[in-house]
Structure formats: C-alpha cells, structure tokens
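Peer 1: here's my sequence, what's the structure:
(one chain, ligands or ions: 1)
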Amino acid sequence: MQQVVRALGVASALALGPILAALAQEPFVPALPGQGRPVDLAATTARRQRLMDRLGDAVVLIPAAHERDIEAYGDYPQDTDFRQHNAFFYFTMLEQQDAWLVLLARAGGPDSAVLLLPERDLRRERWVGVRIGPGEDAARLTGIPVVLGVGKLDSVVAAAQARGAPLWLQLDPTTQGERLFQRLRADSARVAIRSLRPIVDSMRLVKDAQEIAALRRAVQLSAEAHADLMREAREGMWEYELEAIIEAGFRRRGADRLGYPSIVGSGINGTTLHYMAGRRRTQPGDLVVVDAAGEYAQYTADVTRTFPISGRFTPRQRAIYDLVLATQQAAMDSVRPGITMGRLGQLARDYMRARSGDLCGPETCVQYYIHGLSHWIGMDVHDVGPYGLPLAPGMVFTIEPGIYLPAESFGVRIEDCVLVTETGYELLSGAAPRRAEEVERLMAEQRGGDGQRQRSR
Ligand SMILES: [Mn+2]
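Peer 2: Numbering: from 1, shown residues only. The predicted structure follows:
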C-alpha cells in the first residue's frame, strides 16, 4: 500500500483523500535504519531454524535490549546509549530497541517466528531517527514474515502457551527485570519454564560464516591500529595519549565502539593485568603493554601487544619478550580440531617452564605468568560457550601468555586471535607485528622518517 502511495506521488495522495494522506505520512523505509548494514537473512533464518530443530515443541521468548538512560530519568534523547542484546542480535541482526522475538517450534509441523516491534512514533523519529515498526517494511528487511506491534506481546504469548509447549526464556542478568519474564516465572507452577541461555551459548561457540566475517573485520582493524600505534608512539607520551591514538585507529577503520575498556600500561603499570587509569607519563626505556580492540557489527577482537617506547628492547626485555612469544607460538602451533583449550594451556606452561633457563631465577618464569592462556571471543570479549570441549572448526579464541615482573618494572603480554580450521588454525591478528625485530623495524621506519624530515629543514 505504501508503495502505491509513493508511486502516485504527494499530489495524488492528497487528491485521494485523508486516508491515503495519513498512510503517506509514515515514510517507506528503504533500508534498515540506524546501522547502515543489512541483515544477513540467510544466516539469521538458519540460526532460528537450527534452534527450533533442536528444541522440538517449544515457545521461545527473546527480548531486545533497551536504551540505557545515562541520566536516570531519561528526559533527554541525546543522553542515551544502546547496544543490542547478544541473543536477540544473534537471531535477528536487528539493532532495534524494545522489541521481542517469539519462536514457535513444532516437533512434527512447521515452525514459525514472530517479531514484535514498537509502533513508529514519527514525532519522536525527528529526534532519534527513523525506526522500523510493525508491517511490510519490517518483514522485508528482517526476513521474519510476521511482524506485529509489541503491544500484542501478551496475546501472542497467551496463544502460544495454549499449545502447552514448554516456554524457553532467554534468562540472563540483563533480562531478569523483564515484566513478562517475572510474570511467567511467578506462574511457574502451571507453566513449564526453561532457560534458553545454555543452548544459545553453545550455538554461539561455533561461529558461522557471517560471524567469522564480522570477527575477521574486528580483528583486522584492531591489529592495524596496534601497528599504527607502534609507528606513532614516542618517549614522553602519556599513557592516555597512546590510548587516544589506538582508539582513534579503531574508529577510523570503522569500529562501532571499543570491544572492552583499553588497557595501556607503561613501565610497572604493564604488570597490572587490568590497569585502567592511563595517567602515567612514559619514560625512556619503558615497555608498554597495550591490550585494546575494537568492536565491529557486534563482534569484538581482543589483541595485546608490548613494545619499547624508545623503539628498542633492552637485552633483558628482549629475552623475556622472546620467551613469551615462543610460548605463544608453541601453543598456537598445537591448535587443531580435537585438542582442548585446557591442553593448550598446559602445553604453554610446560613450554615456558622448560625454556626459562635462569631468566626468572630458580622457580622459572611460570610463577610470573599469573593468568590463563585463552578464552573464546565473539559478541562478548570473553565470549559465551562451555570450556573443556575439543576444539572444532569455526571456534575463535585468544592465545595470550604473559610474564609480569613488578620488581623490574615491566610486564610482557602478547595476545592474538585464532580461528580453528579443518586442518589447524588461522591467525587473524597478524596485521600487528609480533616478533621483536618486526616491532623494532616498524618503530624505526617511522622514526627514520621523522629524522629525514628534520634534516631536510
Ligand atoms: Mn584477552
């Protein structure tokens, strides 16, 4: 209908009277508003189908996230922040707030999906931009054939409940407060309630092609920004300056936001695993640990590099750095389908212990390697999914050994992202140099350039 009105043009719409004029007021939405990226309809349809196949007879309820009011009362539209709930995003790729996804799975018959969206409010859209509402536009853009107003949620759920199938709720800390969930759980004597979360988490563990593409982009832009920082870092810069350079690098390459708060620790601050203050001024001879990454299309990288602020490692720093890197490489070379993350962690410790020599005194450097080797990455930087399973193609995780020596005022951590393939692994974060000589060469190139510019003046 809206297409007809559009084709007729404004003048005809007016001539056809107030009904068509009213329809013409709600503008056609040619593309998904807000994100500027289309939904991968094949990927999201396949994810919903895979879930429904797995559940048999079931009713699935997944809420979208809400806009977060930075000011408690939310009077100002500009004082807000929004990031979609991961499970909702996984099954819809929509960045629409206050929506619901309802899946009706039938063991023996056809499954169906219903998307419920807030009605459009054209006056509010003048403030917050175009939103999609229930109707044809939304069905076309989301690939979900039935899109209703969110006001119909209760009646959709009541009709679904009448089938007697168990209710699977996406229960997690961010959805505990949903009124619908509270009401259904209060009624749990009559209603079979199940937690969807472990099932979705296990699905998210193995990434599909769309997810791998998003992760590749997040990791690539993050690694490139690390390389930029190595080129631009100078003695005497403050930690916050280094942080500003790398974060600008993420954003310049299209990152939507940070994947997690950036860690930039120079000197002894590099020995604090989650150092956040960023207020120290670098001194000649410092090592700088930078653990920072960007998020792209809801997926985040996790990359750490350690470099000498003066452009050259001292022999002592280099020895520790090389041990960390060799440990990381030994673990990485063992990545293949079938091995567990726990085994990789053990392998890394054994390797570091065996190669420590007298670098860290009689107790080997393992005593200064005070955290785990790996974690999944995906929509969360420490992504969901069980640990302890054999690795399989499509899993993506970090490998990040470190050695932290507060008594000597430096720490070293090297963290990369790897994708498990059919035959082994693919290093995704190779755009940031890892080998010490590569780091030094990159830093020297740029400094050489500065020198030439100075000489020519
Ligand atoms: Mn990490």
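Peer 1: near the closest residue to the ion within the stretch 101-250 of the chain, how many other residues are there?
Peer 2: For the stretch 101-250 of the chain and the ion, the shortest gap (C-beta to the ion) falls at residue 222, measuring 11.7 Å. C-beta coordinates here come from the backbone N, C-alpha and C atoms, glycine included. Neighbour count for residue 222, taken as other C-beta atoms under 10 Å: 30.
Peer 1: okay, now the residue of the stretch 201-350 of the chain found nearest the ion: neighbour count?
Peer 2: Scanning the stretch 201-350 of the chain for the residue nearest the ion gives residue 302, at 4.1 Å (criterion: C-beta to the ion). By other C-beta under 10 Å, the residues close to residue 302 number 26.
Peer 1: these two touch, right, it and residue 262?
Peer 2: No - contact between residue 302 and residue 262 fails when scored by C-beta atoms under 8 Å: they sit 11.4 Å apart.
Peer 1: who touches both of those two?
Peer 2: residue 291 (C-beta atoms under 8 Å, 6 or more residues apart in numbering).
Peer 1: just to revisit the earlier point, quick one: the residue of the stretch 201-350 of the chain closest to the ion is in a strand?
Peer 2: No - Residue 302 is assigned coil when assessed by DSSP: H, G, I helix; E, B strand; the rest coil, not a strand.
Peer 1: and whichever residue of the stretch 1-150 of the chain sits closest to the ion, what does it touch?
Peer 2: At 17.7 Å from the ion, residue 86 is the closest residue in the stretch 1-150 of the chain, using C-beta to the ion. Listed by C-beta under 8 Å, 6+ apart, the contact set of residue 86 reads 204, 298, 379, 380, 384.
Peer 1: show me the contacts for the fourth one.
Peer 2: Contacts for residue 380 (C-beta under 8 Å, 6+ apart) come out as 86, 300.
Peer 1: phi and psi next, for it.
Peer 2: Main-chain torsions, residue 380, degrees, to the nearest 10: phi -110, psi 150.
Peer 1: just the pLDDT at it, thanks.
Peer 2: Note for residue 380: predicted pLDDT of 96.
Peer 1: and it, how far from residue 120?
Peer 2: 31 Å (C-beta to C-beta, to the nearest Å).
Peer 1: how about the residues of the stretch 251-400 of the chain near the ion?
Peer 2: 302, 398 (C-beta under 5 Å from the ion).
Peer 1: hey, where'd the strands end up in the stretch 251-400 of the chain?
Peer 2: In the stretch 251-400 of the chain, the strands defined using DSSP state E, counting those that start in this stretch lie at 257-258, 263-266, 287-291, 294-296, 299-300, 304-308, 396-399.
Peer 1: now do the residue of the stretch 1-150 of the chain closest to the ion against residue 117, distance only.
Peer 2: In terms of C-beta to C-beta, residue 86 sits 19 Å off from residue 117.
Peer 1: then residue 99?
Peer 2: 5 Å.
Peer 1: what sits against residue 250?
Peer 2: 221, 222, 225, 258, 292, 293, 294.
Peer 1: okay, those in JSON lines with pLDDT and distance to residue 402 next?
Peer 2: Formatted as JSON lines, the contacts of residue 250 follow (pLDDT from 0 to 100; distance: C-beta to C-beta, whole Å):
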{"residue": "221", "pLDDT": "98", "distance to residue 402": "24"}
{"residue": "222", "pLDDT": "98", "distance to residue 402": "18"}
{"residue": "225", "pLDDT": "98", "distance to residue 402": "20"}
{"residue": "258", "pLDDT": "96", "distance to residue 402": "21"}
{"residue": "292", "pLDDT": "98", "distance to residue 402": "15"}
{"residue": "293", "pLDDT": "98", "distance to residue 402": "16"}
{"residue": "294", "pLDDT": "98", "distance to residue 402": "22"}
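Peer 1: want to throw these into CSV with distance to residue 371?
Peer 2: Output for those, formatted as CSV (distance: C-beta to C-beta, whole Å):
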residue, distance to residue 371
221, 25
222, 20
225, 23
258, 21
292, 17
293, 17
294, 22
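Peer 1: so of those residues, which ones are in helices?
Peer 2: Members of the contacts of residue 250 lying in helices (criterion: DSSP state H): 221, 222, 225.
Peer 1: burial check on the nearest residue to residue 381 once chain neighbours are set aside, number of neighbours?
Peer 2: By the measure of C-beta to C-beta, 6 or more residues apart in numbering, the closest residue to residue 381 outside its immediate chain neighbours is residue 260, 4.5 Å from it. A total of 18 residues lie near residue 260 under the criterion other C-beta under 10 Å.
Peer 1: now residue 90
Peer 2: The burial count for residue 90: 25, using other C-beta under 10 Å.
Peer 1: name the next helix or strand downstream of the helix or strand harbouring it, please.
Peer 2: When elements are assigned from DSSP states H and E, residue 90 belongs to helix 86-92. Moving toward the C-terminus from helix 86-92, the next helix or strand (DSSP H and E) is strand 100-105.
Peer 1: which residues touch residue 382?
Peer 2: Here residue 382 is in contact with 375, 376 (C-beta under 8 Å, 6+ apart).
Peer 1: likewise for the one 4 residues further on?
Peer 2: Contact partners of residue 386, counting by C-beta under 8 Å, 6+ apart, are 201, 202, 205.
Peer 1: please, which helix or strand holds the first one?
Peer 2: Yep, that's residue 201 we're talking about. With DSSP H and E as criterion, residue 201 is part of helix 197-205.
Peer 1: right, and residue 58 touches residue 168 too?
Peer 2: Yes - at 5.3 Å, residue 58 and residue 168 qualify as touching, with contact defined as C-beta under 8 Å.
Peer 1: need the strands for the stretch 101-250 of the chain, in chain order.
Peer 2: Under the criterion DSSP E, counting those that start in this stretch, the stretch 101-250 of the chain contains strands at 112-117, 146-149, 167-169, 193-195.
Peer 1: turn those into JSON lines, columns for mean neighbour count, distance to residue 336 and mean pLDDT.
Peer 2: As requested, the strands of the stretch 101-250 of the chain are arranged in JSON lines below (neighbours: other C-beta atoms under 10 Å; distance: least, C-beta to C-beta, whole Å; pLDDT from 0 to 100):
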{"stretch": "strand 112-117", "mean neighbour count": "22", "distance to residue 336": "37", "mean pLDDT": "96"}
{"stretch": "strand 146-149", "mean neighbour count": "17", "distance to residue 336": "44", "mean pLDDT": "96"}
{"stretch": "strand 167-169", "mean neighbour count": "22", "distance to residue 336": "34", "mean pLDDT": "96"}
{"stretch": "strand 193-195", "mean neighbour count": "14", "distance to residue 336": "33", "mean pLDDT": "95"}
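Peer 1: distance to residue 127 added to those strands, as a markdown table?
Peer 2: Formatted as a markdown table, the strands of the stretch 101-250 of the chain follow (distance: least, C-beta to C-beta, whole Å):
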| stretch | distance to residue 127 |
| --- | --- |
| strand 112-117 | 18 |
| strand 146-149 | 21 |
| strand 167-169 | 32 |
| strand 193-195 | 37 |
